[in-house]
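Peer 1: Pasting the sequence and the predicted model now:
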Amino acid sequence: MFQKARETAYLESTSVLVLVLRWWKPLLIVTLVAALASLIFSGPAFITPKFQSTVVFFPAATNSISKAILESSGAENQDILAFGAEKQAEQMLQILKSDEIRNLIVQKYDLNNHYGIDPNKEFPQTRLIEEFRNNVTFSRTEFMSLRIDVLDQDPVMAAAIANDIYSLLDTMKSRIQQGRANSALLIAEQTYQEKLNVIQQKEDSLTKLRRNGVMDFSNQSTIWSEEYAHAFSTHTNEVAALNVLNRYLKESDTTVINTKARIEGADARMKQLQTQLDRMASFGGASVSLNEELTLDRKELSMLKEQYNRLKIDAQQNLSHTFIVNKAEPSEKKAYPTRWLIVLITSIGSFFLAFTVLLIRSRLKEI
């Protein structure tokens, strides 16, 4: 059975070869006519030749310039000179395909008229978008770079469109990021000012406490307590001494008079210190609380100031988001259509079509 199948396949291949040798002249004529026709109809008279211009660039890895400049973590995604990876390439591809870039290019180069699109016919905008997509393509290379390819019948216009799309990409990404940075900068500025106002209010409150004698609660309370204890001890000792002196000396004696004076002095000092201690008891808690809060507020203010400065850098920076490899130049040689490929495909297709017709005709005769 296997041998029979092999014989059948051999006979079929032999019959095909015989058929080709038998009808080689018609097949050759059909192939040559198809090749000549494709050569003629692929010429400039029938298909407008187009020239291709290409821009090649790498996306930058860094989005925040302030992080790359001010931070020293050494992370690759914060290196201002690092090339972007897949994530950055995909982001830029999305921006390149945006309607805004397409509309700006259409408006600048009047592509409706350039592509010969009649606005009075049906779906002019759809036909314009399809024509634009056919002539302008964006792709990612195997090396993670991006390509902008533009086809146009005018090589100078093709190069100009490609370079303008590249410029618009950088401008658009900067505008998007700076818009967000400006909004964040405004919030940071308002927060910073609010914190500054809070600190000023608390410092005003501390100023009022200082006017009431509360300068440094901890040190003042310690010193005054020690002085009060000393005055109390002096008062107690002198009272005890006076009691002894009254037994042996007259009231007019100088020693008794001096002792009484020291007692009055100690008593006056105790009353004065008691007044100070009462004032510290009234305002000391508020002073301690305000000083602790001010310490925390000043730390927060310093962090807010640093954040504000970073956002200011991001909002005002004008650094390119790409690394250009090749700018578009007017091409000297057309890229479309590829005439030799059209001729080759048409010739091969015509040969096999003619051969199929002859094969079917031969089979019908056998039947």
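Peer 2: Cool, got the structure. Numbering: from 1, shown residues only.
Peer 1: Now do the SS call for the nearest residue to residue 323 once chain neighbours are set aside.
Peer 2: Setting aside the residues directly before and after it, residue 323 is nearest to residue 58 in space (Cβ to Cβ, 6 or more residues apart in numbering), at 4.3 Å. (C-beta placed from N, C-alpha, C; glycine too.) When the structure is reduced to helix, strand and coil (DSSP: H, G, I helix; E, B strand; the rest coil), residue 58 reads as strand.
Peer 1: any idea how far residue 58 is from residue 119?
Peer 2: Summarising the geometry, the distance separating residue 58 from residue 119, computed by Cβ to Cβ, to the nearest Å, is 39 Å.
Peer 1: same deal with residue 357?
Peer 2: As judged by Cβ to Cβ, residue 357 and residue 119 stand 46 Å apart.
Peer 1: Which one's more surrounded, these two?
Peer 2: Remark: of residue 357 and residue 119, residue 357 carries more neighbours, 13 against 10, as counted by other Cβ atoms under 10 Å.
Peer 1: and the host helix or strand of residue 107, what does it pack onto?
Peer 2: Assigned by DSSP states H and E, residue 107 belongs to helix 99-109. The helices and strands touching helix 99-109, judged by 3 or more Cβ pairs under 8 Å, 6 or more residues apart in numbering; DSSP states H and E, are helix 124-135, helix 155-211.
Peer 1: Beyond the lowest-mean-pLDDT helix or strand in the chain, next helix or strand please.
Peer 2: The element with the least model confidence among the helices and strands of the chain, by mean pLDDT, DSSP states H and E, is helix 2-22, at a mean of 53. Moving toward the C-terminus from helix 2-22, the first helix or strand encountered (DSSP H and E) is helix 24-41.
Peer 1: List the contacts of residue 275.
Peer 2: Residue 275 makes contact with no residue under the criterion Cβ atoms under 8 Å, 6 or more residues apart in numbering.
Peer 1: Same question for residue 301.
Peer 2: Neighbours of residue 301 in contact, by Cβ under 8 Å, 6+ apart: 192, 195-196, 199.
Peer 1: If I look at it, what pLDDT would I see?
Peer 2: Looking at residue 301, its pLDDT is 84.
Peer 1: Tell me the secondary structure at it.
Peer 2: helix.
Peer 1: With the one 5 residues further on instead?
Peer 2: Three-state call for residue 306 (three-state DSSP): helix.
Peer 1: Quick one: neighbours of it, just the number.
Peer 2: Neighbour number of residue 306 under other Cβ under 10 Å is 13.
Peer 1: what's the answer for residue 25, then?
Peer 2: As a measure of burial, residue 25 has 8 neighbours, counting by other Cβ under 10 Å.
Peer 1: For residue 32, give its distance to residue 362.
Peer 2: According to Cβ to Cβ, residue 32 and residue 362 sit 22 Å apart.
Peer 1: repeat for residue 101
Peer 2: Computed as Cβ to Cβ, the residue 101 to residue 362 distance reads 59 Å.
Peer 1: Neighbour count: these two, which is higher?
Peer 2: Ranked by neighbour count (other Cβ under 10 Å), residue 101 and residue 362 place residue 101 first, with 19 against 16.
Peer 1: Shouldn't residue 147 be within a strand?
Peer 2: Yes - assessed with three-state DSSP, residue 147 lies in a strand.
Peer 1: Just grab the bridge partners of it for me.
Peer 2: Residue 147 forms beta bridges with residue 56, residue 139, as assigned by DSSP bridges.
Peer 1: swap in the one 4 residues further on?
Peer 2: Counting by DSSP bridges, residue 151 forms beta bridges with residue 52.
Peer 1: Next one: it from residue 299, what distance?
Peer 2: Applying Cβ to Cβ, the value for residue 151 to residue 299 is 60 Å.
Peer 1: likewise residue 163?
Peer 2: Going from residue 163 to residue 299 by Cβ to Cβ gives 50 Å.
Peer 1: With residue 92 instead?
Peer 2: Applying Cβ to Cβ to residue 92 and residue 299 gives a distance of 40 Å.
Peer 1: More neighbours: which of these two?
Peer 2: Neighbour comparison, residue 92 and residue 299: the larger count goes to residue 92, with 24 against 10 (by other Cβ under 10 Å).
Peer 1: Surely the more buried one touches residue 59?
Peer 2: Yes - in this structure, residue 92 sits in contact with residue 59. The criterion is Cβ atoms under 8 Å, and the distance is 4.9 Å.
Peer 1: Please consider this matter closed, and thank you.
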